[in-house]
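S.K.: model the structure of this input:
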Amino acid sequence: MPRPSPTVLLESPKSISNKIDKVISSDGIWAVFYKNKPINLKSESIIAFTAPKYRSVSFSNKGHAINLVKKLNKQFGTTEFTAVILSHAETIYSE
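M.R.: The predicted structure is shown next:
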């Protein structure tokens with residue numbers, strides 16, 4: 001069964017590069033939590049000095065969050081990682 005087409009809310013005008021940005025609706029934002037608390041993920045190399053990399057832990061698609069939860073639970077041998085939908089909208093910045 002194919003994925004349903006997204007609902008387009010806004011579309012930018014065509015530019016010289018022929019790139020069009022579209023704002024599409026989402027059911028919410030899903031985040032990965034550990035022991036019911038939000039987290040960040042940081043990766044570092046133990047062989048060479050490189051800047052640490054921070055991985056995404058919040059997604060507009062629940063499938064990505066669930067896949068990360070499964071991976072982290074397996075990697076760390078736990079079941080404490082969960083995917084949580086964030087539905088409370090509190091505006092912290094507006095122009």
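
S.K.: alpha carbons only for contacts and neighbour counts from here, please
M.R.: Will do.

S.K.: any idea whether H64 is helix, strand or coil?
M.R.: Following DSSP: H, G, I helix; E, B strand; the rest coil, the label given to H64 is helix.

S.K.: how close does it sit to I47?
M.R.: Remark: distance between H64 and I47 (C-alpha to C-alpha, to the nearest Å) = 29 Å.

S.K.: okay, and the beta partners of the residue most central in space within the chain?
M.R.: For the chain, the residue nearest the mean C-alpha position is F59 (2.1 Å; C-alpha atoms, centre = their mean). F59 has these beta-bridge partners by DSSP bridges: W30.

S.K.: show me what contacts it?
M.R.: Applying C-alpha atoms under 8 Å, 6 or more residues apart in numbering to F59 gives the contacts 29-31, 65.

S.K.: could you check the pLDDT of it?
M.R.: With respect to pLDDT, F59 scores 94.

S.K.: now L86, what are its backbone angles?
M.R.: Taking degrees, to the nearest 10, you get phi -100, psi 110 for the backbone angles of L86.

S.K.: hmm, I typed the wrong one, I wanted F76.
M.R.: Per-residue torsions, F76: phi -100, psi 0 (degrees, to the nearest 10).

S.K.: tell me the spacing between it and P2.
M.R.: Distance, F76 to P2, by C-alpha to C-alpha: 34 Å.
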